[in-house]
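>>> coords please:
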Amino acid sequence: MGRFDFIDTPLLGAKIVQRKKIEDSRGFLSRFFCADEFHEIGLKSGISQINHTLTRQKGAVRGLHFQYSPHAETKIVSCLNGEVFDVAVDLRKDSPTFLQWHGVVLSKENQRSFFIPEGFAHGFQTLTEDCELIYLHSAPYAKNAEGALNVLDPKLNINWPLPISDLSERDRNHLYIDQNYQGIAL
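Now for the predicted structure:
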């Protein structure tokens with residue numbers, strides 16, 4: 001019996017992961033990760049790094065971050081507390097969904113994760129206060145391989161659900177995509 005339902009999104013390879021709870025009078029068990037099941041949907045390597053974030057303010061946006069090859073990473077993002085609008089943008093230059101985005105609401109209550117393959121940028125907006133996320137990464141962070149897109153880029157036209165209440169100076173200063181942008185190769 002699989003512990004997940006993997007739901008396709010409009011972005012080729014990106015999936016919503018619905019965790020299945022096993023419940024009884026004591027509470028529940030919910031699996032966050034299974035190497036065999038995630039390998040079947042495209043996780044090429046194991047989990048190399050796990051990060052935990054807290055974003056305090058409702059309406060705050062973080063992102064849109066990614067890593068270039070050979071440090072490209074798959075991310076599996078889950079919300080431990082609160083509720084977020086989690087976004088992936090396809091940057092793979094030969095993809096049929098190049099520069100398209102998809103957003104998923106993740107929360108403690110809905111028991112969902114977002115599987116974001118290599119070649120995608122990732123960001124999120126908090127829909128409540130005190131949002132905690134856990135990220136499973138297939139590759140360790142490499143500062144010299146980091147890349148980012150501006151969350152306000154009109155070419156992406158991401159429909160953030162709330163007015164942006166907080167955005168770091170770093171994220172605010174990421175460049176917009178210009179007409180010469182070719183995407184990334186994996």
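>>> quick one, longest helix in the chain?
helix 35-40 (DSSP state H).
>>> what bridges to the closest residue to residue 164 other than its chain neighbours?
In this structure, residue 164 finds its nearest non-sequential neighbour in residue 61, 5.1 Å apart by Cβ to Cβ, 6 or more residues apart in numbering. Heads up, the C-betas are built off the backbone N, CA and C, glycines and all. With DSSP bridges applied, residue 61 shows beta-bridge pairing to residue 125, residue 167.
>>> in contact with residue 61, which residues?
Neighbouring residues of residue 61 by Cβ atoms under 8 Å, 6 or more residues apart in numbering: 123, 124, 125, 126, 151, 160, 164, 166, 167, 171.
>>> go again using 7 Å as the cut-off
Neighbouring residues of residue 61 by Cβ atoms under 7 Å, 6 or more residues apart in numbering: 123, 125, 151, 160, 164, 167.
>>> residue 18 - that's part of a strand, no?
Yes - counting by DSSP: H, G, I helix; E, B strand; the rest coil, residue 18 is located in a strand.
>>> residue contacts, it?
4, 5, 7, 111, 112.
>>> in what helix or strand does the residue nearest to the spatial centre of the chain lie?
The centre of the chain sits closest to residue 122, judged by Cα atoms, centre = their mean, with a distance of 4.6 Å. Residue 122 is part of strand 120-126 when elements are defined by DSSP states H and E.
>>> centre of the chain to that strand, how far?
5 Å (Cα atoms, centre = their mean, to the nearest Å).
>>> would you put the C-alpha positions of it in CSV?
Extracted in CSV, the C-alpha atoms of strand 120-126 (Å, rounded to 0.1, in the frame of the first residue of the first chain):
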residue,chain,number,x,y,z
PHE,A,120,12.3,24.8,-11.4
ALA,A,121,12.3,28.0,-9.4
HIS,A,122,10.5,27.9,-6.1
GLY,A,123,8.8,30.5,-3.8
PHE,A,124,5.9,30.9,-1.5
GLN,A,125,3.5,33.4,0.1
THR,A,126,2.3,33.0,3.7
